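> okay, here's the prediction I keep looking at, along with the sequence it came from:
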Amino acid sequence: MVDQGKTNKPGQAPKGGPRTGGAGKQGGQAGTTRQGATKQGAKARQAAKGKLVKGAAARREAERRRRQRTLAWAAGALVVVVALVGIIVWQGRDRSLKLTRPDAATLTAARQAAGCNEVQQLSQAGRDHISPDKQPGNWNSNPPTSGDHLTTPLQRGIYKDQQDERAIVHNLEHGYVVIQYKNLPEDQLNVLTRLAEGLNGQKLVLAPYSGLAADGIALTAWQRLQTCQRANTDVISGFLNDYMLPGATRSVAPEPNAS
């Protein structure tokens, strides 16, 4: 006989129900794996995002520093340009002295202050031309104010070295005023120089002359001489106003239109 109580009917599951433990365990492991992958992906994305944020911040910082360097260079360049312009303006400024128009009382006081004599009026000693190997024998003052002289006069302007008196006399013949000096202090020489600079291009010569009888200044025009111990703007202005052509009121230069 067949034991029917132990025999399962066809299609009937064994007692105790289906065994699903293995499959459930595998499904749990898969879920755990997927969750881990998701977390890792999130971490990777977060890390990537962090790198992007840091990269952007680094670029912004680099750009800020670049702008700062550019501004610093621009500011430095501007300072240099301003300094150079200032130097050019300072060097190019007009430092010349202008002639004054002293009245009689002012001129008298200025002559006394500068130790000047009155303007001397001398006779004409001659005006012939001589060759460079000749010396004139008819000068009647020191420095000369007329007499024989070289064929070519000096160029107008300021000279640092002593010049040939034979050429200077020719300048006087053309209506120049010549200012000569000997052992003059620097501050007084500066007065003469600044006056001469203000008369650039006019009939004026400024030069040292060791042949003066005494230290100081000699102002000469044709047949006119004035000496001073010190430089004085009013005294020099008065002499130039009277004897430097064109425009002089008392010049007796025989060739006023010559250059």
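Perfect, thanks for sending it. Numbers count the residues shown, from 1 in each chain.

> what's the offset of stretch 246-259 from the middle of its chain?
Centroid separation for stretch 246-259 versus its chain: 39 Å, with Cα atoms, centre = their mean, to the nearest Å.

> go through that stretch and flag the buried ones.
Using 16 or more other Cβ atoms under 10 Å as the test for burial, stretch 246-259 gives 248, 251, 253. Backbone N, C-alpha and C define where each C-beta goes, glycine included.

> what mean pLDDT does it get?
Averaged across stretch 246-259, pLDDT comes to 95.

> ditto for stretch 70-79
Here the average pLDDT along stretch 70-79 is 82.

> please identify the helix or strand for residue 196.
According to DSSP states H and E, residue 196 maps onto helix 186-198.

> all helices for the stretch 101-250 of the chain, in order.
104-114, 165-173, 186-198, 233-243 (DSSP state H, counting those that start in this stretch).

> so which of those is nearest residue 73?
helix 186-198 (40.2 Å; Cβ to Cβ).

> alpha carbons of the closest one, as PDB, please.
In PDB, the C-alpha atoms belonging to helix 186-198 read as follows (Å, rounded to 0.1, in the frame of the first residue of the first chain):
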ATOM      1  CA  GLU A 186      77.800 133.900  -8.300                       C
ATOM      2  CA  ASP A 187      74.600 135.400  -7.100                       C
ATOM      3  CA  GLN A 188      75.400 138.700  -8.900                       C
ATOM      4  CA  LEU A 189      76.500 136.900 -12.000                       C
ATOM      5  CA  ASN A 190      73.100 135.100 -11.900                       C
ATOM      6  CA  VAL A 191      71.400 138.500 -12.000                       C
ATOM      7  CA  LEU A 192      73.300 139.400 -15.200                       C
ATOM      8  CA  THR A 193      72.700 136.100 -16.800                       C
ATOM      9  CA  ARG A 194      68.900 136.100 -16.100                       C
ATOM     10  CA  LEU A 195      68.700 139.600 -17.500                       C
ATOM     11  CA  ALA A 196      70.600 138.600 -20.600                       C
ATOM     12  CA  GLU A 197      68.400 135.500 -21.000                       C
ATOM     13  CA  GLY A 198      65.300 137.800 -21.000                       C
END
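
> any buried residues in it, and which?
188-189, 191-193, 195-196.

> how far away from the center of its chain is it?
Distance, centroid of helix 186-198 to centroid of chain: 22 Å (Cα atoms, centre = their mean).

> now for that helix, which elements pack on it?
Counting by 3 or more Cβ pairs under 8 Å, 6 or more residues apart in numbering; DSSP states H and E, the packing neighbours recorded for helix 186-198 are strand 157-158, strand 177-182, strand 204-208, helix 233-243.

> what does that helix rub up against?
95-99, 157-158, 179, 181, 184, 204, 206, 217, 230-233, 236-237 (Cβ atoms under 8 Å, 6 or more residues apart in numbering).

> mean confidence for that helix?
Mean predicted lDDT for helix 186-198 stands at 96.

> quick check: angle from it to strand 204-208?
Put simply, helix 186-198 runs at 160 degrees to strand 204-208, going by axes from the mean of the first three to the mean of the last three Cα atoms, to 10 degrees.

> next, the angle helix 233-243 makes with helix 186-198.
Using the same axes, to 10 degrees: helix 186-198 against helix 233-243 is 40 degrees.

> show me where the chain has strands.
In the chain, the segments counted as strands under DSSP state E are 120-121, 129-130, 149-150, 157-158, 177-182, 204-208, 216-221, 224-228.
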